[in-house]
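In: test case, fold it:
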Amino acid sequence: MNAKDFFITRASLLAFALLVAAPFTPRLAHAETTEWAQSEGGRMRVISLPVSADGRIEAVLQIDLKPGWITYWREPGESGIPPKITLDKTSEASLTSLSFPVPKLIRNDEIEDIGYDTSVSLPFVLQSQPGSNSEKARLTAFIGVCLNICIPFEASFEIDKGAEKTAVQQETDAIAAAKATLPAPPSDEFKVENFHITPDKTLLGVDLRLPENSPKETDIFVAGPSGYAYFEPQNMVRDKRKLSFYMNIKGLPKSYNPRGQRWMILVKSGDQVMEAPLEFPR
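Out: Take a look at the predicted model:
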């Protein structure tokens, strides 16, 4: 199935799921470790650390899935709903990062998704605005959980921005454990060396430098524009630690201009995983 087809599939599933989930009312929880918000497919909550001197708040969205249910990576693949966190304007804060643990390719009949089939925690960071008088940060988490169909799961949370609070060990451990599941950033030993899109916008070409003694098998996920994910590299050529390949990206809108855009690539090589941005020049 090409990108255009699965974009349509995803949109259709989302429209149907919104109808199914329409009666759901988000819950509001008040704490540094919030109460669990419940859904048919699982539950989620937020754990946060005390605000730093410069207004930075580290937090994690914990997603506890019921057996058989899945949730999604930053771009799901053929169907599904990517996780999203939004801040209420009254919070006087902004979301500066939302990170994703190493995902897997999940096959269900003819549909292939990129995500998680066990419980997962998504680290994120908030930045309080200078001179903010708001004591609370109010945020809404929106994810998709899926068994046979994708069901939107939305919940609202409220966390304390006060600098006087003290984190308990459980909160500190939860943040550290979530960050430990993230892919590593690029390094001199494992990185993207070159990349380009062909003039007809049908292929993404990438040259990788792999770690020392990396195995033959390599898993590659690319998150393109919103609604597009790719995971089937073609024409792979390996020369010692250099791996070159093309990814079929047919289905992009004809009007799409990659200049100045930012995609993401995740590469699994043995027990090492690297994630890097693909910053297209303007």
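
In: can you pull the domain assignment for the chain?
Out: Per the TED database, the domain ranges recorded for the chain read 32-181, 191-280.

In: how about the helices in the protein?
Out: Secondary structure of the chain (DSSP state H): helices at 3-20, 169-180.

In: and the last one, which residues are buried?
Out: To tie it back to what came earlier, the one meant is helix 169-180. The neighbour-count check on helix 169-180 (16 or more other CB atoms under 10 Å) flags Glu171, Ala174, Ile175, Ala178 as buried. Every residue, glycine included, has its C-beta placed from N, CA and C.

In: tell me the contacts of the nearest residue to Glu92 once chain neighbours are set aside?
Out: Spatial nearest neighbour of Glu92, chain neighbours left out: Ser132 (3.8 Å); criterion: CB to CB, 6 or more residues apart in numbering. With contacts defined as CB atoms under 8 Å, 6 or more residues apart in numbering, the neighbours of Ser132 are Gly55, Glu92, Ala93, Lys161.

In: I'd like to know how many residues surround the last one.
Out: Other residues near Lys161 number 22, with proximity taken as other CB atoms under 10 Å.

In: and the gap between it and Gly55?
Out: When CB to CB, to the nearest Å is the yardstick, Lys161 and Gly55 sit 8 Å from each other.

In: where do the contact lists of the two overlap?
Out: Overlap between the neighbourhoods of Lys161 and Gly55 consists of Ala93, Ser128, Ser132, taking contacts as CB under 8 Å, 6+ apart.

In: where among the helices of the chain is average confidence lowest?
Out: Set side by side, the helices of the chain differ in mean pLDDT, and helix 3-20 is lowest with a mean of 41.

In: low pLDDT regions in this structure?
Out: Per-residue confidence of the chain (counting by pLDDT under 70) places the weak regions at 1-31, 162-165.

In: could you redo the last one with a cut-off of 50?
Out: Flagging of the chain using pLDDT under 50 yields the residue ranges 1-31.

In: tell me which residue is most central in it.
Out: In the chain, the residue lying closest to the centroid (CA atoms, centre = their mean) is Arg74, at 2.8 Å.

In: quick check: that one touching Ala223?
Out: Yes: the pair Arg74 and Ala223 qualifies as a contact (CB atoms under 8 Å) at a distance of 5.1 Å.
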